[in-house]
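A.B. asks: requesting a structural model of the entry that follows:
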Amino acid sequence: MKAQIVIIGSGNVGTHLARVLYSKGHNILQVFSRTLSKAEELAKKTEAEAIDDLSKIISSAELYIIAVHDDAIKTVSDQLNIKGLVTHTSGSVSTKVLDKHKRYGSFYPLQTFRKEKKSDWKKIPFCLDANKKKDLDFLEKVARSINDNVYFINSENRKKLHLSAVIVNNFVNHLIGVAKNLCDENDVPFEVLIPLLNETVKKATKNNPFDVQTGPAIREDKDTIKNHLQLLDEQLYRDLYKMISRSIAQTNFGRETKI
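C.D. replies: Now for the predicted structure:
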């Protein structure tokens, strides 16, 4: 099955989706970007037409994928005059923002993307939704042309999934950055922590994370916690340490702990 697709947006998500869909034999008819040079760059790699004017989007495509910033999705959608299936790639925006169209849904690849970094599409989950069953079936076929890691998730549950994704990706990444800063500031090699980091992720994904929690907060080791807080120069980091330690203690003991 070769779908006729228009990609609206040439950022990280739009770029990766256009490339992988093209590599799987789908026809990328057009690539839109507000900056024509960016549209042209992606269009060259997918044998598509590059455009920077939404009014030039053709109406004959089967699938339109809006891959723009969340706050621009509705604005873009409202400017489209087409009959095909309109989708967006956001994890946190309801499909209702597309309800100007008779056929709409979401085509959400749950992964963090950067243009310059190649993605392993064999492992990336697709979270799909549509207001019509036949369109959901169509999106499933498109997604399964890439991999079989397909899930059907409505808008409300997708928002909660996106919240969880922010925690495991953005928040965890930030904490790793904080740890690296502490190492760099004190001439301690950060690479010493990498085996521990890898083991933490491995245990947390193979078990209930709460069941394998370790550290001073779950031991109620107040002396170690006090010493750690004294080592943190920035108030922001001290507050962060206290907040997470309190959350660990309350989750495991069901009560507030003074830290």
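A.B. asks: can you show me the helices along this protein?
C.D. replies: According to DSSP state H, the chain carries its helices in the segments 12-23, 36-46, 73-78, 133-144, 155-166, 172-185, 194-206, 216-219, 222-231, 235-253.
A.B. asks: how about TSV for the ones you listed, with mean pLDDT and distance to T95 added?
C.D. replies: For every residue, glycine as well, the C-beta is placed using N, CA and C. Conversion of those to TSV gives the following (pLDDT from 0 to 100; distance: least, C-beta to C-beta, whole Å):
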stretch	mean pLDDT	distance to T95
helix 12-23	97	16
helix 36-46	96	25
helix 73-78	97	10
helix 133-144	98	11
helix 155-166	96	5
helix 172-185	96	28
helix 194-206	96	29
helix 216-219	92	40
helix 222-231	94	45
helix 235-253	92	33
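A.B. asks: what's the most buried one of these?
C.D. replies: Between the helices of the chain, the one whose residues have the most neighbours on average, counting mean count of other C-beta atoms under 10 Å, is helix 12-23 (a mean of 21).
A.B. asks: mind saving the C-alpha coords of that one as PDB?
C.D. replies: Written as PDB, here are the backbone C-alpha positions of helix 12-23 (Å, rounded to 0.1, in the frame of the first residue of the first chain):
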ATOM      1  CA  ASN A  12      12.400  17.600  13.500                       C
ATOM      2  CA  VAL A  13       9.200  15.400  13.400                       C
ATOM      3  CA  GLY A  14       8.100  16.400   9.900                       C
ATOM      4  CA  THR A  15      11.600  15.700   8.600                       C
ATOM      5  CA  HIS A  16      11.900  12.300  10.100                       C
ATOM      6  CA  LEU A  17       8.400  11.200   9.200                       C
ATOM      7  CA  ALA A  18       8.800  12.400   5.600                       C
ATOM      8  CA  ARG A  19      12.100  10.500   5.200                       C
ATOM      9  CA  VAL A  20      10.900   7.200   6.700                       C
ATOM     10  CA  LEU A  21       7.500   7.300   4.800                       C
ATOM     11  CA  TYR A  22       9.400   7.900   1.600                       C
ATOM     12  CA  SER A  23      11.800   5.100   2.300                       C
END
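A.B. asks: got a list of contacts for that helix?
C.D. replies: When contacts are taken as C-beta atoms under 8 Å, 6 or more residues apart in numbering, the neighbours of helix 12-23 outside the stretch itself are 3, 5, 7-8, 10, 28, 31, 42, 45-48, 65, 67-68, 89, 107, 109, 113-115, 119, 121, 142, 145-146.
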